[in-house]
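Asker: no sequence for this one, just the structure:
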């Protein structure tokens, strides 16, 4: 049978006191440290989650800004192309107008020179005709003399036309 003695009572009291001391000085502080550590880890996890959300938001803003920048650059390029095309068409149109004016001026100049040459030829022919008439009147009129004057007139008229046209 079991004998209850003072030794057993003192052992039980010692165990209870030891348990209470350990609970107060060892288990309590260790549990407090564990709770603080658990709270610290939870706060760091929440902070990391907030930083991740902020990073995702900034990434979305960056991607949106990048997309709008790409669209804006495409619009700028299209505008520059349209401006260049318009300027090119304007330059070609201006060049065509200038070329038309130059051609028209050249035609007018050629026409004027042609008129001047014809006028010169007419005055030269008139002068030759006057000379021929003077010779006819001064030499008298003979068939041989008339043929000679006629041939001379044609020769001089041909020479005058050749030099005026060149």
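Answerer: Structure received. Since this is a predicted model, take the numbers as computed values, not measurements. Numbering: from 1, shown residues only.
Asker: Just checking the distance from the longest helix seen in the chain to the centre of its chain.
Answerer: Longest helix in the chain, counting residues (DSSP state H): helix 28-139. Helix 28-139 sits 6 Å away from the centroid of its parent chain (Cα atoms, centre = their mean, to the nearest Å).
Asker: What's the mean pLDDT across it?
Answerer: Here helix 28-139 scores 91 as its mean pLDDT.
Asker: what packs against it?
Answerer: Packed against helix 28-139 by the contact rule (3 or more Cβ pairs under 8 Å, 6 or more residues apart in numbering; DSSP states H and E) you find helix 143-165. To be clear about C-beta, it is placed using only N, CA and C from the backbone, and glycine gets the same treatment.
Asker: what about the helix it packs on, average pLDDT?
Answerer: On average, helix 143-165 scores 65.
Asker: For the remainder of this discussion, apply numbering that starts at 16.
Answerer: With 16 as the first residue, the last one maps to helix 158-180.
Asker: got the contact list for residue 84?
Answerer: Not one residue lies near residue 84 by Cβ atoms under 8 Å, 6 or more residues apart in numbering.
Asker: how close does it get to residue 76?
Answerer: Counting by Cβ to Cβ, to the nearest Å, the gap from residue 84 to residue 76 is 12 Å.
Asker: Neighbours of residue 150, how many?
Answerer: Residue 150 has 15 neighbouring residues, counting by other Cβ atoms under 10 Å.
Asker: what's the distance between it and residue 140?
Answerer: According to Cβ to Cβ, residue 150 stands 15 Å off from residue 140.
Asker: same check, this time on residue 168
Answerer: Taking Cβ to Cβ as the measure, residue 168 falls 9 Å from residue 140.
Asker: what do you get for residue 77?
Answerer: Noted for residue 77: a distance of 92 Å to residue 140, by Cβ to Cβ.
Asker: The two: which has the busier surroundings?
Answerer: Just comparing residue 77 and residue 140: by other Cβ under 10 Å the higher neighbour count belongs to residue 140, 15 against 10.
Asker: so how far is stretch 23-31 off the chain centroid?
Answerer: In terms of Cα atoms, centre = their mean, the centre of stretch 23-31 is found 97 Å from the chain centre.
Asker: Spatially central residue for this structure, please.
Answerer: Computing the C-alpha centroid of the chain and ranking residues by Cα atoms, centre = their mean puts residue 95 first, at 4.0 Å.
Asker: Measure how far stretch 29-48 is from the centre of its chain, please.
Answerer: The answer for stretch 29-48 is 82 Å, by Cα atoms, centre = their mean.
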